[in-house]
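> What follows is a predicted structure for the sequence shown.
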Amino acid sequence: MRSEQVRSDVVVVGGGLAGVCAAIGAARQGATVSLVQNRPVLGGNSSSEIRVWVCGATAHGVQPYARETGVMGELFVENQFTNPEGNPYYWDLTVLEAVRAEPNISLYLNTDVREVAATGPEEERTITSVTGWMMGSEREITFTAPTFLDCTGDGLVGFLAGAHYRTGREPRSAYGESWAPEVPDDNTLGSTLLFYSKDIGRPVKFVPPSFALDISTTSIPERRAIKVENNGCAYWWIEWGGELDVVHDDAKIRDELQAAVYGIWDWIKNSGRFDAETLTLEWVGSVPGKREYRRFLGDHVLTQHDVLGLTDFEDKVAFGGWSIDLHPPGGMYATESGSKHWHPDGVYSLPLRCLYSRNVTNMWMAGRNISASHVAFGSTRVMATCAVLGEAAGVAAALATRRGVTPRQLARDHLAEVHHALVRADASVVGLANEDPADLARRGTAVASSTLRQLVVDVPTATMPLQSPLGLLVPVDPRLGRLELLLDAAADTELRVRLHRTERPQVYLPGEQLRSVAVPVAAGQKQWVEVDLDWEPDGPRNAFVVLEADEHLAVHTAEQAPPGVIVLRHRDPEPGERWTDQFRHWKQVLHRGSLCFRLGDDVEAYAPAKALGGYARPWGGPQTWVSQDRRHDPEPWLAVRWDAPVPVSSVELVLDDSLDIDLINLHHHRTEPEVMPDLLTDYRVEAEVDGRWEVLAQVTGNRRRHRTHPLEQPVTATAVRVVAGAGTGSAHVVALRVY
């Protein structure tokens, strides 16, 4: 046996998506990082060993403009290009390549941390080292660092260090959560095993093993969705163990889940109820995908009220948007539905104080073990949210290490520094403006070759009957006056319209009603009908315009929508459907399409100044510069200009990678474009030096949102600009930053 010592600035234990993003986030802040993973692959539950979809704040398209940015966003977009078919092994490569691209990360796979050295009294513990056994290499490795991150999911490092934690379900009295049980218990969400099948084109039999479950003796056939076309995470409901200890009883849970998988496959192949003669099993998981275990206690415990109330934390560092998604303790054997959901009205913020231990002075945590109640955990536990929490914790851990302060001191005394670093990293934070004093672009003036100022969608491709109410969401900056809609009327009638404000900048649902208007419409085709809405909010906002149902009316639609414009349809639940508080009446339709409409007033929603400072993702509007169509501006550009020359060492861009498109790693749904359609794929960066434009960078084939262009030799410039290359449509730039 070999004993080794490894020293780094930060040690991250756990190589799921939370740990991967934590390691990358810390490394990009200049910290040396040891990433320690007890499996042969990275990715945790998303890896080819377990194969769970990476879900996040979009909630499968429920939340508009909610796709994650930062490291998780990079993984989504890169996987979309390199792995359009959703191959689990290619996803493994996407994650591995992202880690290997960071020179500050040392990766230790197959290394199981089993020992933690910590000192100090219970209320003020300090981790000094963790020790792991590298399987297959017979190496015992001790990792020392000033700072540690527990991204293990189960929370083993913090447990061994003496960190305060909870398991199970708190009582309703603890936080006043309506979805908490009256009486506390040890129940958790269970674990799952998945399987893949394939059609080999000829008959193939299946002889079930002796331990296969006879599912005809259970409620599974009646209460769970078994379909021959389903694969992988479509069988998320093969879940069990919530009434056991999901860690200590892991082997028992695995055996029961394997028996269920083979029993379900026996039912599909041999019950005579399915056309499955040519199907065979391609892959069966052997590692249960765990959902819940220890939740550490930080300086704040996230609750149901924070998730549903969209609490705007001062120390926000990440966001979520998945529903509160809780499963019955009985899992697949439960007689009730396999899950219940309560969607927040929009994305919600997550505070830094949930990401460090309240009693271990140098331990951060990220993933499903953060400081949250069981109910709130039902939303934060999904992997893309775990990933953005990982990046936030990694960035913060690197900053705390650099300053030599504890996590609590960082959150209390250096929050602005954390926010500047997260904004510069393009991390997933909503409502956080760029106020970094190091960004020279904030001192300049934005100018552009052109700007989209008229919101006009007037090329119809189809019609949509007003059988139920439709909602048209448009950015209002500075005012909303006349709205024209292109309609067909089968008979004389009147168009009834309601104007609502949206209550939060990240909410895309109707809030307070501002006015109601009725306009006569004569029978006829393709009529532009004018509605006077007359609203001037106190700042940039979104308006939600409701077109009431009318059996005589149909509205014309178009295939493309301007940034920030979405269409939703109102739907009432079907009988028996509304069995939880989750039901959302407004569902997005015409994805990336629009109603045909015209606004009478010019808009400032796409002004060049939106790209300097401000917000780097939609917040009360699209928050991006948009040029005119290339038919009118063939080589669009955006520039920042200063009154006096400034030293330029780096130019950084945030580009529009279509955050309204919901991506997923293993393709719960297929998203067609391999490169995001609103992205600048070809561009050049130039600086004005002594009155002449010099090319600083030339890029072709770009597929990333966040691009950094450091200069080998700094220049002194009076202006910097990004010039869009060849393309169609308009050019978009979310942020232009200069350092």
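Thanks, I have it.
> who's in contact with Q506?
The neighbourhood of Q506, defined by C-beta atoms under 8 Å, 6 or more residues apart in numbering, consists of 310, 346-347, 430-431, 618-619. In this view, the C-beta of every residue, glycine as well, is placed from N, C-alpha and C.
> Hmm, I typed the wrong one, I wanted A234.
Counted by C-beta under 8 Å, 6+ apart, A234 has contacts 225, 227, 668.
> picking up where we left off before, now, the most widely separated pair of the contacts of Q506?
Using C-beta to C-beta, the contacts of Q506 reach their maximum pairwise distance at L310 and P618, which is 14.8 Å.
> Compare the two and say which is more crowded by neighbours.
Counted by other C-beta atoms under 10 Å, L310 and P618 do not tie: P618 has more neighbours, with 24 against 21.
> got JSON lines for the contacts of A234, with neighbour count and distance to V456 too?
As requested, the contacts of A234 are exported to JSON lines (neighbours: other C-beta atoms under 10 Å; distance: C-beta to C-beta, whole Å):
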{"residue": "A225", "neighbour count": "9", "distance to V456": "44"}
{"residue": "K227", "neighbour count": "10", "distance to V456": "45"}
{"residue": "H668", "neighbour count": "15", "distance to V456": "35"}
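> Adding distance to D266 and secondary structure, write the residues you listed out as a markdown table.
Below are these laid out as a markdown table (distance: C-beta to C-beta, whole Å; DSSP: H, G, I helix; E, B strand; the rest coil):
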| residue | distance to D266 | secondary structure |
| --- | --- | --- |
| A225 | 17 | coil |
| K227 | 16 | coil |
| H668 | 26 | coil |
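> Relative to V517, which of the residues you listed is nearest.
For the contacts of A234, the residue nearest V517 by C-beta to C-beta is H668; the value is 40.4 Å.
> Report how many residues lie close to the closest residue to that closest one other than its chain neighbours.
Among residues not flanking H668 along the chain, W53 sits closest, at 4.9 Å (C-beta to C-beta, 6 or more residues apart in numbering). Neighbour count for W53, taken as other C-beta under 10 Å: 22.
> Check the gap between W53 and V77 for me.
Relative to V77, W53 is positioned 16 Å away (C-beta to C-beta, to the nearest Å).
> circling back: and the residue nearest to H668, what does it touch?
46, 232-233, 664-666, 668.
> State the mean pLDDT of the helix or strand hosting G390.
Per DSSP states H and E, G390 falls inside helix 383-403. Averaging pLDDT along helix 383-403 gives 98.
> Kindly reformat the contacts of A234 as JSON lines containing pLDDT and distance to V699.
Converted to JSON lines, the contacts of A234 look like this (pLDDT from 0 to 100; distance: C-beta to C-beta, whole Å):
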{"residue": "A225", "pLDDT": "92", "distance to V699": "46"}
{"residue": "K227", "pLDDT": "94", "distance to V699": "45"}
{"residue": "H668", "pLDDT": "71", "distance to V699": "32"}
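> want to throw those residues into JSON lines with distance to L355?
What follows is those, written out as JSON lines (distance: C-beta to C-beta, whole Å):
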{"residue": "A225", "distance to L355": "36"}
{"residue": "K227", "distance to L355": "40"}
{"residue": "H668", "distance to L355": "28"}
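> Show me what the helix or strand containing W91 is packed up against.
Assessed by DSSP H and E, W91 sits inside helix 88-100. Contact partners of helix 88-100 among helices and strands, from 3 or more C-beta pairs under 8 Å, 6 or more residues apart in numbering; DSSP states H and E: helix 17-27, helix 70-82, strand 105-108.
> Other residues contacting it?
17, 20, 23-24, 35, 41-43, 46-48, 51, 71, 74-75, 78-79, 82-83, 105, 107, 665-666.
> Swap in 6 Å and give it another go.
Residues from elsewhere that reach helix 88-100 (C-beta atoms under 6 Å, 6 or more residues apart in numbering): 20, 41-43, 47-48, 51, 75, 78-79, 83, 105, 107, 665.
> In stretch 328-336, which residues are buried?
Neighbour counts over stretch 328-336 (16 or more other C-beta atoms under 10 Å) mark 328-334 as buried.
> Can you give me the first-to-last residue distance of it?
End-to-end span of stretch 328-336 (C-alpha to C-alpha, to the nearest Å): 7 Å.
> now what about it, what contacts it?
Applying C-beta under 6 Å, 6+ apart, the external contacts of stretch 328-336 come out as 187, 190, 218-220, 237-240, 242-243.
> Repeat that for stretch 649-658.
By C-beta under 6 Å, 6+ apart, stretch 649-658 touches 77, 426, 616, 624, 676-680, 685, 705-711, 714, 720, 732, 734-735, 737-739.
> Check the offset of that stretch from the chain's centre.
Relative to its chain's centre, stretch 649-658 lies at 19 Å (C-alpha atoms, centre = their mean, to the nearest Å).
> Residue ranges of each domain in the chain, please.
Per the record, the chain has its domains at 2-169+301-424, 191-284, 440-450+607-738, 456-599, by automatic domain parsing.
> on that earlier part again, counting neighbours, which of the contacts of W53 comes out on top?
Result: S46 is most packed of the contacts of W53 (other C-beta under 10 Å), 30 neighbours.
> Name all residues that make contact with it.
Contact analysis of S46 by C-beta under 6 Å, 6+ apart lists 52, 54, 383, 665.
> The closest residue to it other than its chain neighbours and F319: what is the separation?
Nearest in space to S46, with sequence neighbours left out and distances taken as C-beta to C-beta, 6+ apart, is V54 at 5.0 Å. As judged by C-beta to C-beta, V54 and F319 stand 16 Å apart.
> can you list the weak-confidence ranges in the stretch 551-700 of the chain?
By pLDDT under 70, the weakly predicted segments of the stretch 551-700 of the chain are 574-583.
> What are the boundaries of the strands in it?
553-558, 566-570, 586-589, 594-595, 597-599, 625-626, 637-655, 683-689, 692-699 (DSSP state E, counting those that start in this stretch).
> Of those strands, flag the one that's most buried.
Ranked by mean neighbour count, those are led by strand 625-626 with a mean of 28 (mean count of other C-beta atoms under 10 Å).
> That one pairs with which strands, parallel or anti?
Strand 625-626 has the following strand partners under DSSP bridges: strand 732-738 (antiparallel).
> for the strand it pairs with, what is the average pLDDT?
The average pLDDT within strand 732-738 is 98.
> and what of stretch 19-38?
Stretch 19-38 carries an average pLDDT of 98.
> pLDDT score assigned to the most centrally placed residue in the chain?
Central residue of the chain (C-alpha atoms, centre = their mean): E68, 3.4 Å from the mean position. Looking at E68, its pLDDT reads 98.
> My guess is it contacts C386. True?
No. Contact criterion C-beta atoms under 6 Å: E68 and C386 do not qualify, at 10.6 Å.
> thinking again about what came up before, I'd like the helices and strands packed on helix 88-100 written out as CSV, with distance to D492 and mean neighbour count added.
Listed next are these as CSV, based on distance: least, C-beta to C-beta, whole Å; neighbours: other C-beta atoms under 10 Å:
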stretch, distance to D492, mean neighbour count
helix 17-27, 58, 33
helix 70-82, 49, 23
strand 105-108, 69, 20
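> Poorly predicted segments of this structure, please.
574-583.
> returning to that earlier point: tell me which of the strands of the stretch 551-700 of the chain lies nearest to V405.
Checking those against V405 by C-beta to C-beta gives strand 637-655 as the closest, at 26.7 Å.
> Within its sheet, name the partner strands of the closest one and how each one runs.
Sheet pairing for strand 637-655, assigned by DSSP bridges, gives strand 445-448 (antiparallel), strand 706-724 (antiparallel), strand 732-738 (antiparallel).
> Other residues contacting the longest one?
The contact list for strand 706-724, computed with C-beta under 6 Å, 6+ apart, reads 426, 636-642, 645, 647-654, 680, 683-689, 697, 731, 738.
> List the buried residues in that strand.
For strand 706-724, burial by neighbour count (16+ other C-beta under 10 Å) applies to 706-708, 715, 717-724.
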